[in-house]
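Asks: need a 3D model of the following:
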Amino acid sequence: MDKTLEVLKAISDEKRFNIINLLLQHNFCVRALAKRLNLSEAAISQHLKVLREAGLVKGEKKGYYTHYAVNRDILYELSESLKEMAKQDRL
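Replies: Sure, this is the predicted structure:
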């Protein structure tokens with residue numbers, strides 16, 4: 001699957017989009033994300049799995065918890081891809 005499409009599918013879900021927005025502000029663990037978004041930890045974990053598979057987030061183990069951060073390079077690549085798409089001439 002095209003990487004751009006994979007990333008767009010991953011962030012097209014409102015909850016995952018909200019997770020990305022929170023992680024752009026600060027690194028959080030699953031429990032903190034669950035509290036802020038009023039979702040179960042299991043639901044957050046499932047959403048993070050999709051985001052990780054798309055390369056959008058990465059986790060860093062800190063003691064017992066894994067803290068997640070956004071891979072901003074992927075967002076920049078998505079932005080460039082969308083800019084190139086917008087530049088296409090009509091036939």
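Asks: okay, Gln46: pLDDT?
Replies: Listed pLDDT for Gln46 reads 98.
Asks: what about it, how many residues nearby?
Replies: As a burial measure, the neighbour count of Gln46 was computed by other Cβ atoms under 10 Å and equals 14. Heads up, the C-betas are built off the backbone N, CA and C, glycines and all.
Asks: please, which helix or strand holds it?
Replies: Element membership of Gln46 [criterion: DSSP states H and E] is helix 41-53.
Asks: other SSEs contacting that helix?
Replies: Contact partners of helix 41-53 among helices and strands, from 3 or more Cβ pairs under 8 Å, 6 or more residues apart in numbering; DSSP states H and E: helix 3-11, helix 14-25, helix 30-37, strand 57-62.
Asks: give me the buried stretch members for the third one, please.
Replies: Buried residues in helix 30-37, counting neighbours by 16 or more other Cβ atoms under 10 Å, are found at 30, 32-34, 37.
Asks: just the longest one next, same as before
Replies: Within helix 14-25, the residues that count as buried by 16+ other Cβ under 10 Å are 16, 18-20, 22-23.
Asks: my guess is Leu51 contacts Ile20, does it?
Replies: Yes: using Cβ atoms under 8 Å as the test, Leu51 is close enough to Ile20 to be in contact (7.0 Å).
Asks: give me the contact list for the helix or strand where Glu84 lies.
Replies: Take DSSP H and E as the rule and Glu84 turns out to sit in helix 72-87. Residues from elsewhere that reach helix 72-87, judged by Cβ atoms under 8 Å, 6 or more residues apart in numbering: 3-4, 7-8, 24, 54-56.
Asks: A strand includes Tyr68, no?
Replies: Yes: assessed with DSSP: H, G, I helix; E, B strand; the rest coil, Tyr68 lies in a strand.
Asks: from Leu75, how far off is it?
Replies: Distance check for Tyr68 against Leu75: by Cβ to Cβ, to the nearest Å, it reads 14 Å.
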